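> Just a sequence and a predicted model for now, questions to come.
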Amino acid sequence: LKIMELAQNKEAKEALARVKAPRCSLKELGEVLNASHRMAWQQALEEYDQVLGKHGSEVYHSVVALYEQRSNEFQAEKAQLEERHQKRMLCIFEPDGSGNVN
């Protein structure tokens, strides 16, 4: 979950850095978020390469899947982390109701 939280923080910072105008379309935001998400996860997994090894992404996702199957507490903590990230991103990129975000 520490890796996930690190990736989420990097994603938010990168998305803010990539959005240049005070307003953008939802399509533009989607493209920015997609690129920011990929970059953030790559960087977060690289920061933990000493733990995860050269197949970091595969190792990470396999371990998360195992923990999700075996631990209700892990599932709950992961869900809370994902919910907090979603709320944070909605606060940062607030939809204006007309197909744009501020």
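In hand now; what should we look at?

> Beyond the helix or strand containing residue 74, next helix or strand please.
In this assignment (DSSP states H and E), residue 74 forms part of helix 72-92. Per DSSP H and E, helix 72-92 leads on to strand 100-101 as the next helix or strand towards the C-terminus.

> Need the residue closest to the centroid of the chain.
In the chain, the residue lying closest to the centroid (C-alpha atoms, centre = their mean) is residue 8, at 3.5 Å.

> Tell me who's in contact with that one.
Going by C-beta atoms under 8 Å, 6 or more residues apart in numbering, residue 8 touches 40, 81, 85, 88. (C-beta placed from N, C-alpha, C; glycine too.)

> Report the buried residues of the helix holding residue 74.
Neighbour-count burial for helix 72-92 flags 78, 85, 89 (criterion: 16 or more other C-beta atoms under 10 Å).

> now swap in stretch 37-46 and tell me
37, 39-41, 44-45.

> Repeat that for stretch 11-28.
In stretch 11-28, counting by 16+ other C-beta under 10 Å, buried: 11-12, 14-15, 18-19, 24, 28.

> from those residues, which single one is nearest residue 2?
Closest approach to residue 2 among these (C-beta to C-beta): residue 11, at 14.9 Å.

> Just give the closest residue to the closest one, not the sequence neighbours.
Once flanking residues are discounted, residue 11 sits nearest to residue 40: 3.8 Å by C-beta to C-beta, 6 or more residues apart in numbering.

> A helix includes residue 5, no?
Yes: counting by DSSP: H, G, I helix; E, B strand; the rest coil, residue 5 is part of a helix.

> what's the nearest residue in space to residue 33 that is not next to it in sequence in contact with, if anything?
The shortest distance from residue 33 to any non-neighbouring residue, by C-beta to C-beta, 6+ apart, is to residue 15 (5.7 Å). Residues near residue 15 by C-beta under 8 Å, 6+ apart: 32-33, 36, 89, 92-93.

> out of these, who's nearest residue 49?
Distances from residue 49 to the contacts of residue 15, taken as C-beta to C-beta, are shortest for residue 36 (20.5 Å).
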